[in-house]
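**Student:** sequence first, then the predicted structure:
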Number of protein chains: 2
Amino acid sequence: MTDPTQPRRRDAGRTRQILLEAARTRFARDGYAATTVRDIAEEAGVNVALINRYFTSKEGLFEACLTTAVTDVRKDENGVPVDGIAEGIARRVGGSFDDDRLRVALLLLLRSSGDDRVDDLRRSVLHAVSEKLAIAAGGAEPDDAALLRAQIVLATTLGIVTLRSSLGLQPLTSATEEQLLGPLRDLVQAVLPGGHPPHR
Amino acid sequence: MTDPTQPRRRDAGRTRQILLEAARTRFARDGYAATTVRDIAEEAGVNVALINRYFTSKEGLFEACLTTAVTDVRKDENGVPVDGIAEGIARRVGGSFDDDRLRVALLLLLRSSGDDRVDDLRRSVLHAVSEKLAIAAGGAEPDDAALLRAQIVLATTLGIVTLRSSLGLQPLTSATEEQLLGPLRDLVQAVLPGGHPPHR
DNA sequence: CTGCAATGTCATCATTTGTTTACTTGTCGC
DNA sequence: GCGACAAGTAAACAAATGATGACATTGCAG
């Protein structure tokens, strides 16, 4: 009675991936504590016990999600041209749906499970991102002032993603990539060194 | 055996306030789901059952917290001069400890309990803030483009508060109000109308 | 085909969490 | 003082949650 057209098999790696995917979206959207393992299992269409089988615990699953998010962000960093920082941010926060994975990754970096070690990971990744940003804008090894400016731009990016995805604030949420580009260009040019002279 | 020097009395209003205060900080720091009523009661030094007595439920307590946050934000809006927007933001996100109440209020506006009605409140308040900001910058009734720019500045503000309080990202977290002022002045002047010409 | 390891399911457990109920203690008008 | 009501306490409950172990099923090596 089983459908022979479907190549459905018992594949541990596949269900592991499905679980990871479901967990990523739920953790990113609702946060760690508000997401139950049963929620994740149901969204994945998978038995609850498999979470503990493949990831030891809810904590372990969250850490695995964060690891994939870190990978996504790191991979994305490499595609950043020295110029076009504003364009990159606009695409990342407002881009089409197929870029949604990166937005989920960014949201995940804002979620905490309470585990100190995992929090250190989040912090270090965001710090690395701001460094890359500062270098892309300024060139050389950035000092604290340049890093601070880069982190302010990063704060803008994360703030926009948050307000769009979890608040639905209008018109920000409906703004297209093109509509975001103008303001973001002004912002990046003014805040990061390399544009207009920073101090008057 | 009770200490007569202490004017300690059974004061319903007082314990209600203590509960509210404790709940505000916990909800703002850890989020709704991650905060238990027992946590709040312990931090307040008060019996758990009193939460339900005075606020009906955990939801009710959260709503009360949000109401105080809304009041704080609304009150703060009035003190905003038409110029000095950047100065205001710098003071709000990086100001001395006695201004901490407003930062807690801003964080609370980012926390969700899952209740749609309360979420509408959060949304409407943030929308009102961005409107005030757009008007302070542009003068007249803002169109969508001006509103969008104001909301981007708001996103920056909320992003900075988040990265400082819940991530401890350095050097952003240690930056003083004065150190934040420069970049924020550049940012506000470039993003909001009224500074340099917005489109080149 | 057959055994056996891998994969998945089911039932259940111990805690935690929000809430309620019955009770005790303090406060204040009289 | 005293009694009635307000304020606070303690115990307990039901539901939810993360986790576990025994059992079933699949699929592949031999």
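**Tutor:** Ah, there it is.

**Student:** could you list every helix and strand in contact with the longest helix along chain A?
**Tutor:** What stands out as the longest helix in chain A, according to DSSP state H, is helix A:116-138. For helix A:116-138, the elements it packs on are helix A:58-78, helix A:85-94, helix A:144-162, judged by 3 or more C-beta pairs under 8 Å, 6 or more residues apart in numbering or on different chains; DSSP states H and E. Every C-beta, even on glycine, is put in place using the N, C-alpha and C of the backbone.

**Student:** would you mind pulling the contact partners of the shortest one?
**Tutor:** Contacts of helix A:85-94 with the rest of the structure, by C-beta atoms under 8 Å, 6 or more residues apart in numbering or on different chains, involve A:76, A:79-81, A:99, A:102-103, A:106, A:133, A:136-137, A:153, A:156-157, A:160-161, A:164, A:175-181, A:184-185, A:187-189, A:192.

**Student:** circling back to that earlier point, tell me the buried residues in the longest helix of chain A?
**Tutor:** Residues of helix A:116-138 classed as buried: A:118-119, A:121-123, A:125-127, A:129-138 (neighbour count, 16 or more other C-beta atoms under 10 Å in any protein chain shown).

**Student:** show me what from chain A comes close to DNA strand D.
**Tutor:** A:8-10, A:35-38, A:48-49, A:51-52, A:56-59 (C-beta under 7 Å from any atom of the strand).

**Student:** are any of those buried, and which?
**Tutor:** A:Thr35, A:Val37, A:Ile51, A:Lys58.

**Student:** angle of the lowest-mean-pLDDT helix or strand in chain A against helix A:58-78?
**Tutor:** Taking mean pLDDT, DSSP states H and E as the measure, helix A:85-94 is the helix or strand of chain A with the lowest mean score, a mean of 91. Between the axes of helix A:85-94 and helix A:58-78, defined by axes from the mean of the first three to the mean of the last three C-alpha atoms, to 10 degrees, the angle is 150 degrees.

**Student:** helix or strand right after helix A:85-94?
**Tutor:** helix A:100-108 (DSSP states H and E).

**Student:** could you check the angle that next one makes with helix A:116-138?
**Tutor:** Going by the same axes, to 10 degrees, helix A:100-108 makes 120 degrees with helix A:116-138.

**Student:** can you list the helices and strands that helix A:100-108 packs against?
**Tutor:** Using 3+ C-beta pairs under 8 Å, 6+ apart: helix A:100-108 touches helix A:12-30, helix A:58-78, helix A:85-94, helix A:144-162.

**Student:** out of these, nearest to DNA strand C?
**Tutor:** helix A:12-30 (3.3 Å; C-beta to the nearest atom of the strand).

**Student:** what angle separates the closest one from helix A:100-108?
**Tutor:** 60 degrees.
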